[in-house]
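S.K.: My questions concern the predicted model and sequence given below.
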Amino acid sequence: MSPIPMNYLSKLIELTAASRAQRRRAAKAPSDPPVFDAVTRLEKRLCLGGWAAAGVSDFAPQQSVETSVNDAVVVLIGSNPDSDALPIDPTSEPPKVQAAEVSAAGATDYPNQETASGPGVTLIGDDLLQVLPRSAFVAAASAEVNAAEESQASPGIDGNGETFPPQSVAAGETSTSRQPQNSDYGVSSDDPGSPESVRAYGQNSYSGLELPHQGGSAPSVSQALAVDDSLAPQALSPTAAQLTSADVELLLSRASQATASEDAIIAVVDRNGRILGVRAEQDVLDNFSGNDAGLVFAIDGAVAKARTAAMFSNGEFGGSGAALTSRTVRFLSQSTITQREVQSNPNVDGGSAAAAAASTLRGPGFVAPIGVGGHFPPEIVNTPPVDLFAIEHTNRDSNLHPGDDGVKGPAIGDDILLRTSGVDADGETLGRFNIDPAFVSAGQALYAPESYGHAENSNLLPYAQSRGIATLPGGIPLFRDADGDGVGDTLVGGIGVFFPGPDGYADFEQGFVAGIGQTEAERTNAPKVLEAEFIALAAAGGSLGADAWIPGSKVSDIGGMPAVDGLDLPFGRLDLVGITLEGIGPGSSKTGIRAVLDQGVAAGAFTGADSGADQPLVNSVDGMHRDGKLVPEGWLVNAHDSTAPTSEVLTAADVNQIISTAILAADETRAAVRLPLSSTTKMVFAITDTEGEVIGLYRMENATTFSLDVAVAKARNVAYYADAGALQAEDQVVEAGTAFTNRTFRFLSEPRYPSGIDGGPPPEFSILNDGNIDRNTAENLGTADPVSAFDSVLGFDAFTPMTNFRDLGDAGVTSGATAGTTDKANQNGIVFFPGSTPLYKNGVLVG
């Protein structure tokens, strides 16, 4: 008997367990027939060894009818492997049945039952693989529960006979019941008759086998209860159209005409962070005429803002969603950003390692407000840090790795071409993190967030380094309305507006002046910063929700250019521990948008010319604009055995067990920055071995995409730091071999020690220990220091991207071509906030 593959089971658990989002999708009735994505439909009709699983319901422990044992009863509903395949028509809705018919799709007295029981998941099966028609299954289940349900459930789940896709009830409704129920049938008592209340799954006591992730053996296909195809899973949501090249061209033109100024750069990206289009206004083109390298660096500033908005926001039709802007991310990060880091360029003085180390101009070029940070709310003394410290350092990975000397280009030298998964249909390179393509399924490869100058984009500066995550305001997410109600619900990308000034540094836009006591609030609300926000908001068509409160927030034609069809910025409020986060403009949602609109008027709203020109992009529709693409979900790197030379190694089964358990935990955890407030988290999980090889990578549905880089880096960071044989003296603060997590790295990198206590010295890893940096302002004390002066952990990471502390790497790491060694190919930076642990197996560090 062949086991059910755990990688499919993990995906199945996520798709169907604890899915409030599924209920909302089912309950929302679009005015027009929705369009369903064929790929999504096929993905969700998971085939387990020829058996299509249609409904996992992950219960909290509930009292069994015949025993006192708390069994978590869960049903897998399957299809006859010999029956006709479910027809996949991308233009049609899934088949529907009356909700009342499937309100109790639970365990009943089928013959020859065997189950796999345990806390979490139970399979109910039949050794004979008896194929029952849906009608028999529904009748038996409904009869079992009708008495218990009679006083609480009205006809049709919503009380009026509304119909829903069957899987939203049979596979999703029960899963939100996270506490033991008094009823034998697990009927919830809140809001009788609503979709959330119908969790009636009849139970009997069964003997059975544990699932592999609970320590037992895997049940075979022949142990699964099978019913006909009418309950096979379907896609749960209509798919909003991705951005088209025409949309991008229109966005760029609208942005250029949004104000009278002509010194901005506008960039549009999709949710992957792929560059879809760039406009450089005329003053920018004049300033960087004949200086392609300078123009590339400046454009990367706008790209960084656009990526921040696209990668940190989340949203799917009928599910959780939140519009996080680059302003929001700064509010949530409160990183220490020095003057030296902002007034720098990663692409200069890179002829050799010695030249780079001596340079006073080379550096990350962060697009962020200069300041010490470290307080939440910002600038309130003796308050603690917040969630995303040093987020600006992340998502600077590339498929061209700097290699042994830590310096990319201009000659390839020891730079490393990482492994990739070939190219897509448009000729764009697929792959990130030096992932082995042998373990990447078709359609599951990622795109690296390359610089505009990279060969993937313009090829103007192939070795160019991107500028990471931007936390100056001016990056706005792009949401498409999927159901025709005018309100954006599906995240499709981001738009970033950046004023590069004469050098491309972010000091110009924030109006930075050293030595006069400027506050962070003054820098994040400088006139050019607010104008950047206005341009981005106006180009995207504004916000219908905000317009109800602040007239003028919804923007139609600009210079005769209509708004892009369906784009709308959701308007809501996000609070974290009782503190309202900034979104657009300073302060609360309403006051912030008012301030941005006022600055737009001051900057000559809607009086600008269609200034400048859209910039070239390779592999594009017309040489300048691209279509957006979806980000893959589920297993991005299939679980596989580690080949690291350790006495114990992680196996594919280990990886499956860890990630499956993590998915269940995520489904029980309330999300901090998702709306509505009841939303649960959506995570990215990465597991690496001691050589940094990614042996499992999983993205939950609608998980943020910045988390891909973060998850992989965290795993690599803690595996290195816990390795007594690998840890370098420059990184060490306690006995070698001590297990640190990324939370520890943050604690040692913040501007104050202990965290948040003003007046204390900076801790060991803080950049404020480096060179001539004012510890109170993060400004330079005198002239700028060379790169070599930045030898703290935080400083080294800022100035040397794609490294893992001072890790020397591992001999024999597989990668693409290089003239040097491949030892450091499995490195992509350090993360300075929590969410990691080193892994030990039988007392041996394994990843």
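M.R.: Perfect, thanks for sending it.
S.K.: Give me the neighbour count for the nearest residue to residue 726 once chain neighbours are set aside.
M.R.: Excluding the flanking residues, the one nearest residue 726 by C-beta to C-beta, 6 or more residues apart in numbering is residue 720, at 5.6 Å. (C-beta placed from N, C-alpha, C; glycine too.) Neighbour count for residue 720, taken as other C-beta atoms under 10 Å: 28.
S.K.: got a list of what residue 720 touches?
M.R.: Neighbour list for residue 720: 692, 726, 727, 804, 805, 807 [criterion: C-beta atoms under 8 Å, 6 or more residues apart in numbering].
S.K.: Quick check: ChimeraX command selecting the buried ones in these.
M.R.: Provided next is the ChimeraX selection string for whichever of these are buried by 16 or more other C-beta atoms under 10 Å:
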select :692,726,727,804,805,807
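S.K.: Now render the contacts of residue 720 as JSON lines, adding secondary structure.
M.R.: Output for these, formatted as JSON lines (DSSP: H, G, I helix; E, B strand; the rest coil):
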{"residue": "692", "secondary structure": "coil"}
{"residue": "726", "secondary structure": "coil"}
{"residue": "727", "secondary structure": "coil"}
{"residue": "804", "secondary structure": "coil"}
{"residue": "805", "secondary structure": "coil"}
{"residue": "807", "secondary structure": "coil"}
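S.K.: Among the contacts of residue 720, give me the pair with the biggest separation.
M.R.: Farthest apart among the contacts of residue 720 by C-beta to C-beta are 692 and 727. That separation is 14.2 Å.
S.K.: related to what we said a few turns ago, nearest to residue 283 among the contacts of residue 720?
M.R.: Set against residue 283, the nearest of the contacts of residue 720 by C-beta to C-beta is residue 804 (40.6 Å).
S.K.: any idea how far the residue nearest to the closest one when sequence neighbours are not counted is from residue 572?
M.R.: Nearest non-adjacent residue to residue 804, counting by C-beta to C-beta, 6+ apart: residue 827, 4.0 Å away. Noted for residue 827: a distance of 38 Å to residue 572, by C-beta to C-beta, to the nearest Å.
S.K.: before we move on, back to that, using JSON lines, lay out the contacts of residue 720 together with pLDDT and distance to residue 396.
M.R.: Below are the contacts of residue 720 laid out as JSON lines (pLDDT from 0 to 100; distance: C-beta to C-beta, whole Å):
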{"residue": "692", "pLDDT": "99", "distance to residue 396": "17"}
{"residue": "726", "pLDDT": "98", "distance to residue 396": "22"}
{"residue": "727", "pLDDT": "99", "distance to residue 396": "23"}
{"residue": "804", "pLDDT": "99", "distance to residue 396": "13"}
{"residue": "805", "pLDDT": "99", "distance to residue 396": "15"}
{"residue": "807", "pLDDT": "98", "distance to residue 396": "17"}
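S.K.: Show me the contact partners of stretch 613-622.
M.R.: Contact partners of stretch 613-622, identified using C-beta under 8 Å, 6+ apart, comprise 245, 249, 252, 275-280, 285, 299, 426-428, 452, 455-459, 623-627.
S.K.: which among these end up buried?
M.R.: When neighbours are counted using 16+ other C-beta under 10 Å, the contacts of stretch 613-622 contain these buried positions: 245, 249, 252, 275-280, 285, 299, 428, 452, 455-458, 624-627.
S.K.: ok so residue 269 is a strand residue?
M.R.: Yes - using three-state DSSP, the assignment for residue 269 is a strand.
S.K.: For it, name its beta-bridge partners.
M.R.: In this entry, residue 269 is beta-bridged to residue 275, residue 494, by DSSP bridges.
S.K.: from memory it sits against residue 300, does it?
M.R.: No - Residue 269 is beyond contact range of residue 300, at 11.7 Å (criterion: C-beta atoms under 8 Å).
S.K.: Show me where the chain dips below the pLDDT cut-off.
M.R.: Along the chain, the parts satisfying pLDDT under 70 run over 1-240, 412.
S.K.: Centroid-nearest residue for it?
M.R.: By C-alpha atoms, centre = their mean, the chain has its centre lying nearest to residue 704, at 1.7 Å.
S.K.: from memory that residue sits against residue 315, does it?
M.R.: No - using C-beta under 8 Å, residue 704 is not in contact with residue 315, being 10.3 Å away.
S.K.: which ones are touching residue 341?
M.R.: Residue 341 makes contact with 363, 364, 365, 366, 368, 767, 798, 799, according to C-beta under 8 Å, 6+ apart.
S.K.: Would you mind measuring from the fourth one to residue 759?
M.R.: The spacing between residue 366 and residue 759, counted by C-beta to C-beta, is 26 Å.
S.K.: the more surrounded of these two?
M.R.: Between residue 366 and residue 759, counted using other C-beta under 10 Å, residue 366 has the larger neighbour count: 29 against 7.
S.K.: What residues does that one make contact with?
M.R.: Contacts for residue 366 (C-beta under 8 Å, 6+ apart) come out as 337, 341, 342, 392, 467, 468, 470, 471, 506, 798.
S.K.: element containing it?
M.R.: For residue 366, there is no enclosing helix or strand under DSSP states H and E.
S.K.: Please give the number of neighbouring residues around residue 380.
M.R.: 11.
S.K.: now residue 753
M.R.: 17.
S.K.: Please narrow the contacts of residue 341 to those residing in helices.
M.R.: With DSSP state H as the criterion, helices contain 798, 799 from among those.
S.K.: Buried among the contacts of residue 341? Make that a PyMOL selection.
M.R.: Burial among the contacts of residue 341 is assessed by 16+ other C-beta under 10 Å; the matching PyMOL selection reads:
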select buried, resi 363+364+365+366+368+767+798+799
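S.K.: could I get the contacts of residue 341 as CSV with distance to residue 589?
M.R.: Shown next, in CSV, are these (distance: C-beta to C-beta, whole Å):
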residue, distance to residue 589
363, 35
364, 31
365, 31
366, 27
368, 23
767, 33
798, 32
799, 37
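S.K.: Tell me the one of the contacts of residue 341 nearest residue 352?
M.R.: Among these, residue 799 lies closest to residue 352 (C-beta to C-beta), at 15.5 Å.
S.K.: Could I get the buried residue list for stretch 539-555?
M.R.: Within stretch 539-555, the residues scored as buried using 16+ other C-beta under 10 Å are 539-547, 550, 552-555.
S.K.: contacts for stretch 437-446?
M.R.: Contacts of stretch 437-446 (C-beta under 8 Å, 6+ apart): 39, 272, 419-422, 424, 430-433, 435, 631-632, 634-638, 640, 695, 708.
S.K.: try it again with 10 Å
M.R.: Stretch 437-446 is contacted from outside by 7, 39, 43, 272-273, 419-424, 429-433, 435, 630-640, 652, 693-697, 699, 705, 708-709, using C-beta atoms under 10 Å, 6 or more residues apart in numbering.
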